[in-house]
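Colleague: need coordinates for the below:
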Amino acid sequence: MIQFKSLSTRTLLQMGARISCVIIISCLLGYFHLKTKTQNMMKENVSRYMSERRDREKVIFDTAELNHGILSAEFLRLYEKYRLDPNTTARFDNLTKKFPDGLIRNKDPHFDGKTQIGIFVGAGQNMTPDFKARMLAAYDVTNRMGLAYHGAFQDTYFTFPENALTLYWPEFPNWVMDAKPDLNILVEEYHAVSTPENNPQRETAWTGLFYDSVSKIWMVTASTPIYIGDRYVASVHHDVMVGEILKRTIEKRVKEADSYFIVRHDGRLILHPRYQTEIQKGSGQFDVRKTGDPGLQSQFEQVINTQNLSEVIESKDGKDYLAVAKIEGPDWYLVTVYPKKIAEAQATNNAAFVLISGFVSLLIEVLILFMVLKKQITAPLLELIKASNQIARGQLSKPIELRRQDELGQLASSFNHMAVTIQERDHKLELHARDLEHLVEARTRELDEQKLITVQASKMSALGEMAGGVAHEINTPLATIRLLTSQLIHEIKNDIPDLDNLATQVQRIENTTDRVAKIVQGLKTFARDGSSDPFTPSIAQNLVSETIELCNDQLRRHSITLKLNIPDQPITIDCRSIQICQVLLNLISNAKDAVDSLPEKWIEISIVETNQWVEFRVSDNGPGITKEIQDKIFQPFFTTKGIGKGTGMGLSISLGLVKAHQGQLSIDPKSHHTCFVMRLRRSQAAAA
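Modeller: Presented below is the predicted three-dimensional model:
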């Protein structure tokens, strides 16, 4: 069972956590690296693919332009020859005949379009010798070179401004025979793009996508006009079947590509998988801006406005890459749309593989490390812990057998040495403890005796300070008694004594005697140890009055004003009255010493009652007590008085007496003057 508080487990967890952090950071770095690398590789692959596509498709268009140059030159050469040959008309007439529908075609039934060149002339044409010479020149050029070009192009043909053509198209051998009388070649796009009106530059031009009504095939055509001087005499053509382009686009496209399309610079769609039906319905005249697809329109605008098409560009929405290849001849843009999420998915998969493999490796390493730590560290440590627990219980076990030269072996050796040392020390301590028991008992008795002596000394010190005042308090009543006694003797000697006067004098002597008795009783009470007295109900006001009786005369002689702030309603508390009077007398004596040297001096005694507490507050207008002294003032033998004026035990003993009452003795930090506060509970039963 794995214990998570063990050293080996904690070490493994900490190592695992740190290694996991390293693996996660490495995977994140790897993810971004793989993502960037995958995207770059993808862009390179797509760019390379588009370059290959451009070069592949460009070949057919470049070849068409090259072929047209050769065909045009040969046509002009033969035309110059045939227009001067008197047999040209007879030869043309021998090849053709006029059909009932008004069209001039090859003679039937000997015509074979797979091996022969087809001739088509629209109805109502003026068959001049020059026209026949051009038709015958085109027929011979096509017959001579059409088969050679058939490997790259299905057909080769010439068109003429007289609504006529010569054609070699083995795949559709009956094209000229199937052509309808209403066919007007002059308005067909493959001828119109080469006319002087539409092609004043006299360059090879490419049609958009169009549908041939005779062959029922979608195609594009390369058309090159032929001039003699400024005279337009014919055009030479090669058709490129869109089906072949579509087949190559689908078969050779990037498998992950989201979309692909071919568009002309003017926005005319040539090929798009989703809009091929619309393109055909519009006879190839379907503009990309009519699709209603904002994504496709945005891609088109971005493509035609991009200067450097050799690089893969990013779509405006940031979701795709656009790879573009431009074919200059037909002014086509071949566009492949590659989603960025594919590259990110590949990078995520690679990073996930690295992460999973890293954690699997980590798990295996942790398991191996756990087994090693358990055997090499945990087991020896457990043995040491077991031996330590036995020593803690006082059971000195046998030495640990761990014969190793590493740190654990040294620890075991030190442990064995420690066990022997502890055993020897325990034996010595046992002997020493026996002697200490006797010493402690003797010392305790001495300390108790010394404590009693110290307490009594403190009391005697207080009594000594009050001695002068007490002597005056007793001498004054005694002098009064002596005077009254003399008056009584004198009155008795009279013949007729005044009985009322005698009674008055005797009553005064009795009152004075009671006063002396109270003073003496107070001294006896203060000097007596009241620690064994029971807690009895006492009136708080009486405790203050009894204490003042002992020191009132002394305060008057020192010109100290005594202020009393005591409620009239009696307040009862459970206490040992002797001890509480001793505490009050000590606080008043300290206050007297604090104000004795001041020109104006007063002491105030207050009683404040709360729900469960009664507070005795003794304040004075002395110089105050600093914070440093406040922290030490209740310590035994600490005093701020001069040598011989105090024992330093008064407040310490007072604190002990108050605590014996479950009360509190402290200095009020909020008071503007020095104020000692003694808090006592009303009931000792509640305190218990």
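
Colleague: rest of the way, CA atoms for contacts and neighbours
Modeller: Fine.

Colleague: which helix or strand in this structure has the lowest average pLDDT?
Modeller: For the chain, using mean pLDDT, DSSP states H and E, the weakest element among its helices and strands is helix 242-252, scoring a mean of 65.

Colleague: C-terminal to that one, what's the next element?
Modeller: Counting by DSSP states H and E, the next helix or strand C-terminal to helix 242-252 is strand 259-264.

Colleague: does that next one pack against any helices or strands, and if so which?
Modeller: Packing contacts for strand 259-264, counted by 3 or more CA pairs under 8 Å, 6 or more residues apart in numbering; DSSP states H and E, involve strand 269-271, strand 332-339.

Colleague: closest one to Y79 among these?
Modeller: strand 332-339 (34.4 Å; CA to CA).

Colleague: which parts of the stretch 501-650 of the chain are strands?
Modeller: Taking DSSP state E, counting those that start in this stretch as the criterion, the stretch 501-650 of the chain contains strands spanning 536-539, 561-565, 572-575, 602-609, 613-620.

Colleague: pairing partners for the first one, with directions?
Modeller: For strand 536-539, sheet partners with direction are given as strand 572-575 (antiparallel), following DSSP bridges.

Colleague: can you pull the buried residues of the partner strand?
Modeller: Neighbour-count burial for strand 572-575, with 16 or more other CA atoms under 10 Å as criterion, is recorded at 572-575.

Colleague: got JSON lines for the residues you listed, with distance to L136 too?
Modeller: Output for the buried residues of strand 572-575, formatted as JSON lines (distance: CA to CA, whole Å):
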{"residue": "T572", "distance to L136": "149"}
{"residue": "I573", "distance to L136": "148"}
{"residue": "D574", "distance to L136": "148"}
{"residue": "C575", "distance to L136": "149"}
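
Colleague: for the residue lying closest to K340 once chain neighbours are set aside, grab phi and psi.
Modeller: Using CA to CA, 6 or more residues apart in numbering and skipping residues adjacent in sequence, the residue nearest K340 is D320, 5.0 Å away. With angles defined as degrees, to the nearest 10, D320 sits at phi -130, psi 160.

Colleague: give the contact list for D320.
Modeller: Neighbouring residues of D320 by CA atoms under 8 Å, 6 or more residues apart in numbering: 314, 337-341.

Colleague: of those residues, buried ones?
Modeller: Judged by 16+ other CA under 10 Å, buried ones among these: 314, 337-340.

Colleague: looking at those, which is nearest V263?
Modeller: V337 (13.3 Å).

Colleague: which of the residues in stretch 429-444 are classified as buried?
Modeller: In stretch 429-444, counting by 16+ other CA under 10 Å, buried: nothing.

Colleague: next one: stretch 311-320
Modeller: Quick answer for stretch 311-320 (16+ other CA under 10 Å): 311-315, 320.

Colleague: I'd like those residues laid out as TSV, including pLDDT and secondary structure.
Modeller: Output for the buried residues of stretch 311-320, formatted as TSV (pLDDT from 0 to 100; DSSP: H, G, I helix; E, B strand; the rest coil):
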residue	pLDDT	secondary structure
E311	72	coil
V312	77	coil
I313	78	strand
E314	80	strand
S315	82	coil
D320	81	strand
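
Colleague: so which of the buried ones among the contacts of D320 would you say is closest to I185?
Modeller: V337 (38.1 Å).

Colleague: test my guess that the closest one contacts Y321.
Modeller: Yes - using CA atoms under 8 Å, V337 is in contact with Y321, at 5.8 Å.

Colleague: which one of the buried ones among the contacts of D320 is nearest V366?
Modeller: Each of these was checked against V366 using CA to CA; the closest is K340, at 38.3 Å.

Colleague: tell me the contacts of that closest one?
Modeller: K340 touches 39, 318-321, counting by CA under 8 Å, 6+ apart.

Colleague: show me where the stretch 301-450 of the chain has helices.
Modeller: With helices called from DSSP state H, counting those that start in this stretch, the stretch 301-450 of the chain shows them at 340-373, 379-392, 407-493.

Colleague: just the mean pLDDT for the last one, thanks.
Modeller: I take that to be helix 407-493. Helix 407-493 shows a mean pLDDT of 70.

Colleague: try stretch 41-60
Modeller: Mean predicted confidence for stretch 41-60 is 68.

Colleague: going forward can the numbers begin at 13, since that is how I track them
Modeller: From this message on, residue numbering opens at 13, which makes the last subject stretch 53-72.

Colleague: which helix or strand contains the closest residue to E174 other than its chain neighbours?
Modeller: Leaving aside its sequence neighbours, E174 sits nearest to Q137 (CA to CA, 6+ apart; 6.6 Å). Under DSSP H and E, no helix or strand contains Q137.

Colleague: what about Q137, distance to N175?
Modeller: When CA to CA, to the nearest Å is applied, the distance between Q137 and N175 equals 8 Å.

Colleague: got it, and I501?
Modeller: 183 Å.

Colleague: look at these two and report which has more neighbours.
Modeller: N175 (18 against 11; other CA atoms under 10 Å).

Colleague: now do the helices in the stretch 13-162 of the chain.
Modeller: 19-94, 100-107, 141-161.

Colleague: ok, the stretch 513-662 of the chain next?
Modeller: Going by DSSP H, counting those that start in this stretch, the stretch 513-662 of the chain shows helices at 552-569, 589-607, 639-642, 662-672.

Colleague: the first one to helix 589-607, inter-axis angle?
Modeller: Between helix 552-569 and helix 589-607, the angle comes out at 30 degrees (axes from the mean of the first three to the mean of the last three CA atoms, to 10 degrees).
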